[in-house]
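Asker: Sequence plus predicted model, see below.
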Amino acid sequence: MPESMALTPDGSRLFVALLTRAHGSAPNPDGYVASFDLATQVKDRESHIADDPYDLIATSNARLVVSSGSGSTGSVRVLDAATGQQLGVVGNVDVRLRLTLHPSEGKLYAANTNSNPSDIRRFDLLAGGGISNKWDSPYHGEHRMDGNVWASPRGDALVTRGGDVFTAGSAQSEDMIYLAGLSEGTISDLTWDAAHSTIFTVEGSMVRYYDLTSRLEMGRHALSGTGSFVGVNGGQIYAGVPSLASTRIESFAQAALGGSTNTAPISRFRITPQGDGTDVARHFAPAARGLESCRTGVGNFRRRSLHNQ
């Protein structure tokens with residue numbers, strides 16, 4: 001039965017994990033990965049792997065990364081995407097890891113789904129198809145992880161299913177460091193529209209969109225039910241709303257097409273503090289949208305900026 005899917009970065013090929021049985025606590029060295037040529041819409045490859053595939057990542061250089069779905073401990077394998085031959089593996093890691101590829105394609109991040117508290121971890125992809133288990137985050141329940149993670153197309157940040165943002169650094173001291181909260185609640189799915197500087201998330205029955213730079217919410221769109229998927233194609237946003245019998249695909253127009261060229265306004269104001277009557281002038285340049293703070297010698301001032309038109 002099919003489960004996880006992965007697209008190559010150029011969108012030309014789709015890989016699908018094929019399970020031989022449901023995931024469980026007993027090891028299952030028997031799984032398959034099917035490959036589809038999306039130009040012809042034909043399944044042209046199917047490879048057997050000595051593992052129960054859980055999540056998949058496809059790279060630009062014909063590598064496929066697969067995490068284990070069964071057993072008490074798991075592994076992460078690197079396969080030749082054309083032949084299914086194993087090129088590298090790391091074992092003794094959590095089973096049922098969710099994977100995300102960094103845009104450099106030199107590393108990936110994983111979120112565990114079967115432990116509490118959840119955590120995120122980094123692996124490096126090596127020349128020739130090897131893989132190295134590097135380190136996990138420095139936290140243990142202090143921030144919201146919740147079993148999934150997405151890497152920004154800019155390569156600077158990670159967003160977790162729990163709704164928090166972390167760094168994606170080079171050295172351990174600057175990697176997976178908490179930055180801020182993004183969402184109020186759990187993120188079921190997330191996609192990036194780098195061309196228009198926007199993050200789209202599914203949160204319950206709402207698609208929310210955030211500025212990619214400031215990470216402030218720009219707006220939201222209500223779905224007919226609880227969503228499970230969000231994707232972007234050109235000027236359209238697509239969301240999946242599953243039910244017992246089917247999944248409804250809902251679409252709406254991208255409302256932030258000007259996000260990449262939006263220029264923040266420059267504002268100026270003058271305040272007169274109580275006491276000696278001295279005027280204090282402050283300049284500030286708020287982000288394109290959202291809540292900004294300006295600190296002066298007499299207190300904090302907060303303003304809600306208008307969406308740029």
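Answerer: Done, it's in.

Asker: From here on, just use CA atoms for contacts and neighbour counts.
Answerer: Will do.

Asker: How many residues are close by Asp44?
Answerer: Counted with other CA atoms under 10 Å, residues neighbouring Asp44 total 11.

Asker: can you tell me which residues contact it?
Answerer: Asp44 makes contact with 34-37, according to CA atoms under 8 Å, 6 or more residues apart in numbering.

Asker: Out of the residues you listed, who's the most crowded?
Answerer: Ser35 (21 neighbours).

Asker: Report the separation between the nearest residue to it once chain neighbours are set aside and Arg63.
Answerer: Using CA to CA, 6 or more residues apart in numbering and skipping the chain neighbours, the partner closest in space to Ser35 is Phe15 (4.5 Å). Distance from Phe15 to Arg63, counting by CA to CA, to the nearest Å: 11 Å.

Asker: same thing with Val149?
Answerer: In terms of CA to CA, Val149 sits 20 Å off from Arg63.

Asker: Next: Tyr178.
Answerer: To Arg63, Tyr178 is 30 Å away according to CA to CA.

Asker: on that earlier part again, looking at Val149 and Arg63, which is more packed in?
Answerer: Val149 (30 against 22).

Asker: is the more buried one in a bridge, and if so with what?
Answerer: Thr160 (DSSP bridges).

Asker: pretty sure it contacts Ala110?
Answerer: Yes - in this structure, Val149 is within contact of Ala110 by CA atoms under 8 Å, at 6.8 Å.

Asker: which residues do these two both contact?
Answerer: Common neighbours of Val149 and Ala110, counting by CA under 8 Å, 6+ apart, are 98-100, 120.

Asker: Those: which two are farthest apart?
Answerer: Farthest apart among the shared contacts of Val149 and Ala110 by CA to CA are Thr100 and Ile120. That separation is 10.6 Å.

Asker: is it fair to say Ser251 lies in a strand?
Answerer: Yes - secondary structure of Ser251 (DSSP: H, G, I helix; E, B strand; the rest coil): part of a strand.

Asker: Chain neighbours aside, what residue packs nearest to it?
Answerer: Tyr238 (4.4 Å).

Asker: That neighbour and Ile249 touch, don't they?
Answerer: Yes - with contacts counted by CA under 8 Å, Tyr238 reaches Ile249, the gap being 6.6 Å.

Asker: Could you double-check that Gly128 lies in contact with Leu87?
Answerer: Yes - under the criterion of CA under 8 Å, Gly128 makes contact with Leu87 at 7.4 Å.
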